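Undergrad: The following block contains a protein sequence and its predicted model.
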Amino acid sequence: MAPKNAIDPRRMRHNFSIHATQYDLYAVVQRRAIEHLTSQLKNVSPEPGLMLDIGTGTGALAEELEKLLPNNPLVVMDIAHGMTCQARNRLPFAKACDGDARSLPFGERVFTTVASSSVYQWVECLPTAFKETSRVLQSNGILAVALFGHRTLFELRTAHQEAVHDSGSDRLSHVQNFPSLEEVSSALINAGLRIRSMASCYEVEYHSDVPELMRQLKKIGASNASRNRPRGLSSRRVMQKMISLYEGYRTGNGLPATYEIIIAVAEKTGN
């Protein structure tokens, strides 16, 4: 049986690939995550050598990496072919390939720097994925990662869980859960990576209503990719109750959607 929040890679790949051309128009918080990550990278001095951007999306992070380390050759990779194509068009001098963070298509100790933003919250098993990252890093290589943490979209998740419970359904809420700071830290350490810096920060977007929020999430490909998502739409009763509960979070700026961004920089120790 699949875990409660197991991700269906095929669905995720499809969701992001078909929205690749419009991703940058709506990925506002994702852009902020890149800004936070590159700010941390400026405090690090990666060794000269080949760099890898895992889950490159449209190549926004990779573009910043090229500015920061212009003499280091770069490989961009994404699980969604549509995204890989967008990044390749944006960065014609970078090498591009499709690939899965859980099983990287590279040999051992290839890269001096690996970076990733807004990706690892979608990976089902962080320890396995970070071990893969460690495998392809050279000794003393740097991993710089930004991902969405446990408090991300807590308003939506809480409202949906309560709506499902109030409906009397025995089905669990299928709204995506995200890893905690402690889970990310443990996964990095278990992968043989020494954490050089790690912190989380919050970004809040405001929307006019719940349907607008849901449309924006869909536009960037962040639709529900759970293996346990119910077929068809959630019941009208559950959706109406969820919207009503979410209204309890409304402020003068609108309905908030909170994102916890975890930023970690780690170093591979040993061989």
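TA: Now that the structure is in, tell me what you want to look at. Here the structure is a predicted model, which is why all the values come from computation and not from measurement.
Undergrad: Verify the contact between D98 and V76 for me.
TA: No. The criterion here is Cβ atoms under 8 Å, and D98 misses it with V76 at 10.3 Å. To be clear about C-beta, it is placed using only N, CA and C from the backbone, and glycine gets the same treatment.
Undergrad: Need the overlap of contacts for these two.
TA: T84 (Cβ atoms under 8 Å, 6 or more residues apart in numbering).
Undergrad: Next, count neighbours for the residue lying closest to R90 once chain neighbours are set aside.
TA: When the adjacent residues along the chain are set aside, R90 lies closest to G59, with 4.0 Å between them (Cβ to Cβ, 6 or more residues apart in numbering). G59 is flanked by 25 other residues according to other Cβ atoms under 10 Å.
Undergrad: and what of the one 10 residues further on?
TA: The tally of other residues near L69 (other Cβ under 10 Å) stands at 20.
Undergrad: so what's it up against?
TA: Counted by Cβ under 8 Å, 6+ apart, L69 has contacts P46, M51, T113.
Undergrad: Grab the nearest non-local neighbour of the first one.
TA: Okay, so that is P46. Among residues not flanking P46 along the chain, T113 sits closest, at 4.3 Å (Cβ to Cβ, 6+ apart).
Undergrad: now the stretch 151-271 of the chain, which segments are flagged as low pLDDT?
TA: Across the stretch 151-271 of the chain, the ranges flagged by pLDDT under 70 are 169-175, 220-234, 271.
Undergrad: which stretches of it form strands?
TA: Secondary structure of the stretch 151-271 of the chain (DSSP state E, counting those that start in this stretch): strands at 193-207, 255-268.
Undergrad: Of the ones you listed, which is nearest R31?
TA: With Cβ to Cβ as the criterion, R31 lies closest to strand 193-207 of the strands of the stretch 151-271 of the chain, at 10.0 Å.
Undergrad: which residues touch the closest one?
TA: Identification of contacts with strand 193-207 by Cβ under 8 Å, 6+ apart yields 28-29, 32-33, 36, 40, 43-44, 130, 133-134, 143, 149, 151, 181, 184-185, 188-189, 213, 216, 251, 253-269.
Undergrad: Which residue ranges of the stretch 1-150 of the chain form strands?
TA: Going by DSSP E, counting those that start in this stretch, the stretch 1-150 of the chain shows strands at 51-54, 74-78, 95-98, 111-117, 137-148.
Undergrad: Please say which of D98 and V76 ends up with more neighbours.
TA: V76 (29 against 15).
Undergrad: shouldn't the more buried one be in contact with A60?
TA: No. Between V76 and A60 there is no contact under Cβ under 8 Å: 10.6 Å.
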